[in-house]
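*Asks:* Dropping a prediction and its sequence here:
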Amino acid sequence: MLLKHSVFRADSVGVTKILHGKACELIAGAAHTYNVGKGTAILAMHLFDRALSLTAVRKAEVTLLAATCLLLAAKLEEVNVSLWALSLV
């Protein structure tokens with residue numbers, strides 16, 4: 001499972017471990033659904049963790065942050081980005 005690649009530290013942000021786990025599952029699920037590579041999903045989780053370590057995020061925006069991290073990771077890693085990425089813009 002991809003969650004083992006996360007480096008989340010609950011003491012550094014206002015997001016709970018449960019909410020962080022759900023966001024990582026969302027990244028992993030979306031990566032599987034849209035045939036994104038495993039490395040891209042791991043990069044998205046690292047971007048997500050990095051964003052959480054740099055700034056406070058409201059609970060209502062965690063899902064948006066997770067989706068944005070996956071989109072950015074796909075744009076960086078994937079040669080052939082699916083059309084789903086274009087529909088988010």
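*Replies:* Happy to help now that I have it.

*Asks:* could you pull out the helices for the chain?
*Replies:* 17-33, 38-54, 62-77, 83-87 (DSSP state H).

*Asks:* could the ones you listed go into CSV alongside mean pLDDT and mean neighbour count?
*Replies:* Bear in mind the C-beta positions are built from the backbone N, C-alpha and C, glycine included. As requested, those are arranged in CSV below (pLDDT from 0 to 100; neighbours: other C-beta atoms under 10 Å):
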stretch, mean pLDDT, mean neighbour count
helix 17-33, 89, 17
helix 38-54, 91, 19
helix 62-77, 91, 18
helix 83-87, 56, 10
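
*Asks:* List the contacts of the residue nearest the centre of the chain.
*Replies:* The chain has Ala66 as the residue nearest its centroid, 3.7 Å off, counting by C-alpha atoms, centre = their mean. For Ala66, the contact set (C-beta atoms under 8 Å, 6 or more residues apart in numbering) comprises Ala23, Cys24, Leu26, Ile27, Ala44, Phe48.

*Asks:* Please tell me I have it right and the second one contacts Phe48.
*Replies:* Yep, that's Cys24 we're talking about. Yes - between Cys24 and Phe48 there is a contact under C-beta atoms under 8 Å: 7.3 Å.

*Asks:* State the distance from His20 to Val62.
*Replies:* To Val62, His20 is 8 Å away according to C-beta to C-beta, to the nearest Å.

*Asks:* And for Cys69?
*Replies:* Distance from Cys69 to Val62, by C-beta to C-beta: 11 Å.

*Asks:* And for Val15?
*Replies:* From Val15 over to Val62 (counting by C-beta to C-beta), the distance is 6 Å.

*Asks:* Leu26 is in contact with Thr63, correct?
*Replies:* Yes - with contact defined as C-beta under 8 Å, Thr63 and Leu26 form a contacting pair (6.4 Å).

*Asks:* show me the contacts for Ala44.
*Replies:* Ile27, Ala31, Ala66, Cys69, Leu70, Leu72, Ala73, Ala74.
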